[in-house]
Every structure is written in C-alpha cells, then in structure tokens.
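> Turn this into a model:
(chains A and B)
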Amino acid sequence: MAAIEEELLIEAGRADRHYGRDLWRFRELLGFLAWRDIKVRYKQTAVGVLWVVIQPAVQTLLLTFVFSKLARMPSGSVPYVAVVLTGQIAWMLFSSAFTGAGNSLTTNAHLIGKIYFPRLLAPLSALGVALVDCLVLLALTLPFAPLAGIGPTWRWLLLPVFMAGALLLALGAGLWICALTVKYRDFRFVTPFLLQVGMFVTPVGFSTDFLPNWRDLLALNPMTAVVEGFRWCLLGRPEPLYAPGLVMSLVTGTVLVLTGFWYFRRTERQFADLL
Amino acid sequence: MASSSDIVIRVNSLAKRYTLGREARHDTLRDALAQGARGLWRALQSRRAAGGPGDNEFWALRDVTFEVRRGEVVGIIGRNGAGKSTLLKVLSRITEPTRGSVALRGRVASLLEVGTGFHPELTGRENIYLNGAVMGMPRAEIRRKFDEIVAFSEIERFLDTPVKRYSSGMYVRLAFSVAAHLEPDLLIIDEVLAVGDLAFQRKCLAKMEEVTRTRGRTILFVSHQLGSIRHLTQRCLLLSQGRLELDGATASVLDRYVRAGEGPGVAGQGRYASIREARLVNEAGLACPGHQGEAVLWLELVVETTGHTESSLECTLTDLEGTRLGLYSPGHFTGWRLPASPGLHRFRLPLAVPRLASGQYGIDVCTTNHGKGPDHYVSQAVVFESASLAGFPAQWELRKDYAAGYFILDAGNPRPVEGSSS
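Here you go, the predicted structure:
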C-alpha cells in the first residue's frame, strides 16, 4: 500500500477534524451496512416483497374510498386510485426512510460501542432499504399504468430527483430523531406520532391542484412538494408543477436537513458513552 | 537507536471521565425536564456548590502516559474496572478522552469483541464480508483473502448456512478467522481470546504471532489469561483505578500483579444468578491471599440470586495459562441448587486441593443455569500463589514452571511387597 504514514491525533473536542476524510474512507462500510439491511429484509423473498406491497395496497384502497367516494374529490384526467397510489409510493419512501434513520443508532448500538466509524453512516445506510422497497413498489405498479390510461413520458426520468428529495428530508428528520433518541429514550415514540400527523398534512390521498386555498399552507410541509412531484412525473397530467409551493418546500426542507445535520454532529461524540 | 519515528503510539496525560448516576443521565425527556426544574429550584434556594459535580463523576482513566514503538507487543492487565477497556476504547476512537491526547501512526484495527457486526440472519459467507468491512478491511482485500479465511475457520461446509444456526464454537471460529487475517499496522485487542476452544485459540495466537514477527506489526492487548500475556508479550502495563501503576518487562509486572493477591476481580452479571464477590480466606474466614500447601482452600463467595430455582455454582482451578486442572460442581455432583429466595447469599467452600506445584493459579467461578451451561462466568475470580511444598525433608520444590506436573503424587517411599525379593 501507499508508503505515506497516516498520523492521527485524538484529543478532547477534536473528533471533527477528519470527518470528511473518514466519510470517504468508510464509504465501503456504508455500502455494506445498507446491503446488510436490504439482504436481511429480503432474505425470505416472498414475505419480504409481499410486505412491501400489502401495506400500501390496503391504504390506497382505503384512501381512495374516503377521498373519492365519500369526499368526492376530483382527480383530473386519471382514475382517483392513481392519484392515491402515487402519493402512497412517495409517502412510503419517506416514512420508511425516516423510521429507519430515526432508529438507526439504536439498531446499530452494538457496532457503535465496539468500533469507530463516522456515525453518520448509520442513518445514511438506513435509507438504502427504503429506496429498494420503493423501487420494488414502482416495478410492480408501473406495468399497470397503461390500464389507467397513463403512458411513459419524459417526466418519468425526473422521478429520481423527487426520490432524492424524499430521502434527504427523511434523513434530516431522522438525524434529529436518532440523535435525540440516544439522549432521551422516549423520542422513539415520536416517530410514529409524527408520521401519523404527517400523513394528514401531506397530500397523500388528494391532489393540491384542486385545493388552491390550501396549497400554500400545505407547501410549508416539504413533503408536499415531493408528493406532488411524484404525481407530476408519473401521472402525466397537464397541470404544471406549482412553483411557489416548490420553492417554499425547498426552503423548509433545507432548514430541516441542515439543522438535523448540525444537531447530529454536535451530539455525535457522546453516542458511544450514552448508548 | 529508537528514533522518534519509531514511536507508533504516544499517549500523553490521558484522562477519561464518566458521569454516573441518575443525576446526569436522563433516560426520558421528562426526567430531563424534571431534573432541569430541580436544578433551577436548588440554584434559587442557595448557591451552595457543596456536593458539587465530583460526586457523580468517575475517572476511568487518570493521567496515563506511555509510548509504544513499532513492532512491540504490549499486554495490558489490571482488575476489572481498572480502565483497560476504556483505554482501548479511547485508542480505537470509540469514545473521546476528557483530557490529554493520543497520537497514532499507521492503520489501526481494533478487535474489542469477536464477531462485531455479525448478523444472525446472514450466511457465513456474507458475514465474512460484513465483518471484514466492519473491521476496516477493504472489499478487494477481503475477496483476496476469502479462501484463506474460510480454510482457516474449518467451517467450509456451513459457509452458506445462516450464522444463527451455527454452534457457538463455529461462530467464534469464523469470527476469529476474519480477525486473524486483518493486516493493520497497529492491532488493538480486548479480552477476546478467552472464548472459543483452546486448540483454536492457540491457532489464532500462533497466526497473530507470525504476523507480528514477520511484518513488524504493533499489538496492544488486554487479557485476563495471564498465560497468553506471558506467552505473547515482552512488555506489560498494569492499570489500577485508572492509573498506570507499572510499565515494564512482562515477567516482573505479572509477578507483582499476582503477588499482590490481585486478580481480575469480579465484574458483569448473569441472567439468573450473579457472582458478586470472590476471595480466598483461611479457616477462620479472614482474607488470605496465598496457599501454603494446605489440603483445603477456603473460597468465600457472595452470590446474588433472582429467584431462579435451577441455578447452581461451579469452580474451576486453572493454571492461568488456559489449562483447567480441576472442577467443583455441586450441581452435577450432588444436585445442589442455589437458594430459591432472591437476594445476596454468602457461601464458604472448602475446596480440597491436591498439593500443588508452587506457582500461580486461578479459580474461575461461575453460576450455572442447570442444563444450559454457564450463566455468569467470572474468569479468574481469584488468583493466588501456591507456596513451596513443606513436608519433604530434602527441601526439593516442585515448581509449576518445570512443566513436570501440577501436583505432587505422594506415595511415600516405595514399599517392597512381602516375599517378592529373591
């Protein structure tokens, strides 16, 4: 290997110095951790895939019934179920990534107590499972798109941008939760609560295009832009993306991610002592 | 000769403080708020700083300074709670020091546990990759050494079986094999050699020895197996209550450690019953660090029970090098069980021992969960020195390190059989 001898200085309060370098050096471990989680999840393949499908399928049916049949919300040029399903896929991606990242330090507590790695790898690697689940879900639903009169368009190519958005938001929120959970164990119970509330303030079961009075308020929730983005990409409806909402979501989302990162880094050094 | 560039570890006035107790740690947010309110109330009441922060503080390391040169193999010993593990954790960057500094040179790998990162659902093959990555081996290196690791572990047949179906022996073998193939410049090892079967332990030690000898690797390692410390290291650090008590040639440090009647001591706990105290006493119950060749060794134990009815005790006499010399197991001998009532129980065991060769010995004590093996295992709960053997007129001494035997087979002088001489 290289003849260059690395020197490492360990001192109180100095853990940050090599953070960037360490992240790069441990990139393979990041891959392995994500791979481990995915592998374990899909170990019993039939059950793994089934589980990914059942939950959104049932919820999609329920939401379609509530919003379309009971509330009689419009859905534009596509069947209502397509509106809900796209919302569901986006929401599932976020919620499972958020849950995973939020629990990542406690599920990896054992590793954290025994080896060094930049702790950021734990929440980051948790995003992998959510992404794979989402891809499986897309692969299983997209073939049925023509049945709803939806054909592939160039917009489908932009979907990864919104998927990345969902993952980033999940990471930001997850960083807050996992760092807080290390210190205050009861933050574990916050995640399901937040997700429940989030589901109502995110347009999962309806489209904001038909709620002009509410959409500015809803845009404060950065997931609104992601969900609407998924619809815009996949459904191919004529309505354009609502730009002011997108900008607003971008701002709140950035704040969430940056503060999450800041708080995580600030508390990171004590993780091993507290877990 | 030793230029400063030869120094690979430089530890300077290292100190680590842990804050103990309820006061400082809030397990729930409510606790934190309540604590904050209480603190505020107290601050309002008076400014008395008495009972200050010192109360809940615990210095796991205090002012530890030492240097290690390239290629040195250094052992670290001390009672449980002396700060050995904390030192290794600071050196491995798992936890931050409170004061002082450490400068490390070269690629560091730390092995604080066997099989860190193993996932029970994954197969042996997958776990080799995962564990390798966790230990800091690049993927290309794992791939290159894969066959060697598998061959070393001797579990080829089970490579594609999930690790959860492995016996504990197989699990340890696989984990050790990965560890034995690490190639860092600096290897930090905690008490990991204590598990696994003896033959395989020896194989790993041999492999690690080979690695150090041929490639000038530096090893720092904690062990309660004084035998492996003696065998592997030339230099030894003795920690006591967070301080570096002694730093010198292994033989002299070990000698002093054992002579002081110290042993690793008792730590940890079991699921059903835990050993809380273990010491050697004399017949009157007074502490007695040595053994002068009496026929009975009095061992006093304090055991904490939880109300489990199937627990018993076991003691194993060892030579401190890993050889087990004798077993006391009332659970198996007579079906004895620990009291079913939860609480602390004190026992005095008169262990009938043969006349031991002079030298150092240890007694492992464990609680057993009947039929399911050890519950709380305390390796070398006591160590003691057996003095030379009185009673032989010739003053000849059988010493353990002659490797001629562990105890005297005394038959007096050979007696001629009547009428057999012709």
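
> residues in the stretch 51-200 of chain B within reach of chain A, list them.
Contact residues (C-beta under 8 Å from any C-beta of the partner chain) of the stretch 51-200 of chain B with chain A: B:89-108, B:110, B:112-113, B:116-117, B:119, B:121-122, B:126, B:129-130, B:133-136, B:138-139. All C-beta atoms are positioned from the backbone trio N, CA, C, and that covers glycine.

> which ones among those residues are found in strands?
B:99-105, B:108, B:110 (DSSP state E).

> what about the residue nearest to B:Leu356 when sequence neighbours are not counted, neighbour count?
Among residues not flanking B:Leu356 along the chain, B:Ser386 sits closest, at 4.2 Å (C-beta to C-beta, 6 or more residues apart in numbering or on different chains). Burial of B:Ser386 is recorded as 23 neighbouring residues (other C-beta atoms under 10 Å in any protein chain shown).

> just B:His181 next, same as before
B:His181: 21 surrounding residues under other C-beta under 10 Å.

> Filter the residues of the stretch 51-200 of chain B next to chain A down to the buried ones.
The neighbour count (16 or more other C-beta atoms under 10 Å in any protein chain shown) marks B:89-100, B:102-108, B:110, B:112-113, B:116-117, B:119, B:122, B:126, B:129-130, B:133-136 as buried among these.

> hmm, back to that, can you put the ones in strands among the residues of the stretch 51-200 of chain B next to chain A in a markdown table and add distance to B:Asp401 and pLDDT?
Converted to a markdown table, these look like this (distance: C-beta to C-beta, whole Å; pLDDT from 0 to 100):
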| residue | distance to B:Asp401 | pLDDT |
| --- | --- | --- |
| B:Arg99 | 42 | 91 |
| B:Gly100 | 39 | 92 |
| B:Ser101 | 41 | 92 |
| B:Val102 | 36 | 93 |
| B:Ala103 | 39 | 92 |
| B:Leu104 | 36 | 90 |
| B:Arg105 | 37 | 89 |
| B:Val108 | 35 | 86 |
| B:Ser110 | 33 | 84 |
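
> tell me which of those residues is nearest to B:Glu310?
Relative to B:Glu310, the closest of these is B:Ser110; by C-beta to C-beta it sits at 37.8 Å.

> Mind listing the residues bridging to the closest one?
In this entry, B:Ser110 is beta-bridged to B:Ile188, by DSSP bridges.

> Does it touch B:Leu91 like I think?
Yes - contact criterion C-beta atoms under 8 Å: B:Ser110 and B:Leu91 qualify, at 7.2 Å.

> ok, now which ones touch B:Pro330?
B:312-313, B:336 (C-beta atoms under 8 Å, 6 or more residues apart in numbering or on different chains).

> ok, now B:Ala352?
B:295-296.

> any idea how far A:Pro212 is from B:Leu104?
As judged by C-beta to C-beta, to the nearest Å, A:Pro212 and B:Leu104 stand 62 Å apart.

> Let me have the contacts of B:Pro330 in CSV, adding secondary structure as columns.
As requested, the contacts of B:Pro330 are exported to CSV (DSSP: H, G, I helix; E, B strand; the rest coil):
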residue, secondary structure
B:Ser312, strand
B:Leu313, strand
B:Trp336, coil
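
> Let me see the domain layout of chain B.
Here the domain parsing of chain B from automatic domain parsing is B:60-259, B:273-402.

> want to throw those domains into JSON lines with distance to A:Asp273?
Below are the domains of chain B laid out as JSON lines (distance: least, C-beta to C-beta, whole Å):
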{"stretch": "domain B:60-259", "distance to A:Asp273": "6"}
{"stretch": "domain B:273-402", "distance to A:Asp273": "24"}
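
> Return the most buried member of the ones you listed.
domain B:60-259 (a mean of 19; mean count of other C-beta atoms under 10 Å in any protein chain shown).

> how far is that domain from where the chain is centred?
12 Å (C-alpha atoms, centre = their mean, to the nearest Å).
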